[in-house]
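Q: Quick one, what's the 3D model for this:
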Amino acid sequence: MMKSPRLFAAAFAVMASVAGHPDVRYWFDTYTPQFENVIMPASAEQMLMAGVTTVRDLAAPPREIIAVRQRIADGTIPGPTLYVAGPALTKGANPNAVHTLNVSGAGDARAKTRQLIEQGVDWIKIINADQLTADEMKAIVDEAHARGRKVAAHAFSEAEIRQGLLAGVDDFQHLRTQTPEYPADIVAMIRERVKTGPPLYWTITAGGNGQLNAAYLASNPEFLKDPANFIGLPKSIADDVRRAIAARTGADGGRRGGPTQSQDETNAIVKRKIAQIRDLGVEIVFGTDVGSWGEVTGQATWMEADLWVRELGMDPMTVIRKMTLDAARVVGASRESGSVTEGKFADVIAVRGDPLRHMDSLREAKVVIRHGRRYK
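A: The predicted model follows:
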């Protein structure tokens, strides 16, 4: 068996609490009471058994995700080391949503950022930045930076990207596929940011929401049956997730509710925008949209890694480094994680095969060691 260094996955979004169900509103309305004791521990165990030893989670109810982070750290439950943001700061969201927190005015934005940090979050997350004022955005970013926290923000719309660049966010997530490339003004803003600093990161999630994976998922429904996706979940919840994903995919194998353009058009846009970002000097960050449609917990990390090699043409060792040491550096954990080095945590997996020739050999970890303790 070939040993591979720590697979440090900068996974994000609602990884620990959605479990791949495509209807987030339904999921939160139905299962929130079971997050802390059932669903989050199950997702954590699924990730660890898949060979992912560290996860960044960027949208979850604060008390529950912080409690689960502590239980993992204490060794009470199995799971990856967690770096968490708690609820995402936003404006105009459902006031009862447990994974978001509305702000109103710069003072409130600053206060709620401070509140989350005092609760113990590691990151601050912003969604729907285009709904926030420039002053509210700046207040969030300035308060977070003053207290030693980085800020992540969605990049689904060009308005969100502009707001984030003006405010100085550290890390964007996702790619917008409704336009063929980023416009000249955004390109100029990114170029200036890269030139003057601080570093700009972008978690591209190439397979997120089935972008580069849509055709594969639609024609290969057997991924729904993999028991690794449902470790620790009661049968009733696992069946609910399976039914919902099958309905989203469609009985005829065609994806429902997806983008209006063809799969070829979507693929071309994703690749073009990734090329734009890389050419501008932005640091591409490895991560997945675990919890969204098609991003099942036990497989999303390795599906994303395979896409980076097979579709984006990246060298396998570069991808592995992005998943390990580079991701550790982005999160701020490179002194203790990210490489097999004396003085760092012993987080190692072993797989059968050579991922430098066959990246998908990482799909099945035969041995999983986290902090020196063998879990598999």
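
Q: Only C-alpha atoms from now on, for both contacts and neighbour counts.
A: OK.

Q: so how far is stretch 285-296 off the chain centroid?
A: Put simply, stretch 285-296 sits 6 Å off its chain's centre (Cα atoms, centre = their mean, to the nearest Å).

Q: now do the same end-to-end measure for it.
A: This stretch, stretch 285-296, spans 20 Å end to end (Cα to Cα, to the nearest Å).

Q: Compute the distance between residue 156 and residue 128, please.
A: 9 Å.

Q: let me fix that: residue 88
A: For residue 88, the distance to residue 128 equals 10 Å [Cα to Cα].

Q: what's the distance between residue 167 and residue 204?
A: Remark: distance between residue 167 and residue 204 (Cα to Cα) = 20 Å.

Q: go on, residue 26?
A: 26 Å.

Q: List the buried residues for stretch 90-99?
A: Across stretch 90-99, burial judged by 16 or more other Cα atoms under 10 Å covers 90-91, 93, 97-99.

Q: Residue 182: which of the residues you listed is nearest?
A: Nearest to residue 182 among the buried residues of stretch 90-99, counting by Cα to Cα, is residue 90 at 23.6 Å.

Q: Is it correct that that closest one is in contact with residue 127?
A: Yes: the pair residue 90 / residue 127 is scored as a contact, 5.4 Å apart, by Cα atoms under 8 Å.

Q: Can you show me the strands along the stretch 201-350 of the chain?
A: 201-203, 283-285, 348-351 (DSSP state E, counting those that start in this stretch).

Q: Each with direction, which strands does the last one pair with?
A: When sheet partners are counted by DSSP bridges, strand 348-351 sits next to strand 2-4 (antiparallel), strand 365-370 (antiparallel).

Q: Lowest mean pLDDT across the ones you listed, which one is that?
A: Per-stretch mean pLDDT for the strands paired with strand 348-351 is lowest at strand 2-4 (a mean of 44).

Q: Can you say which helix or strand has the spatially closest residue to residue 189 that is not a sequence neighbour in it?
A: Closest residue in space to residue 189, ignoring its immediate chain neighbours: residue 165 at 7.1 Å, by Cα to Cα, 6 or more residues apart in numbering. In this assignment (DSSP states H and E), residue 165 forms part of helix 158-167.

Q: looking at the protein, which helix or strand is least sure?
A: Ranking every helix and strand in the chain by mean pLDDT, DSSP states H and E puts strand 8-9 at the bottom, with a mean of 38.
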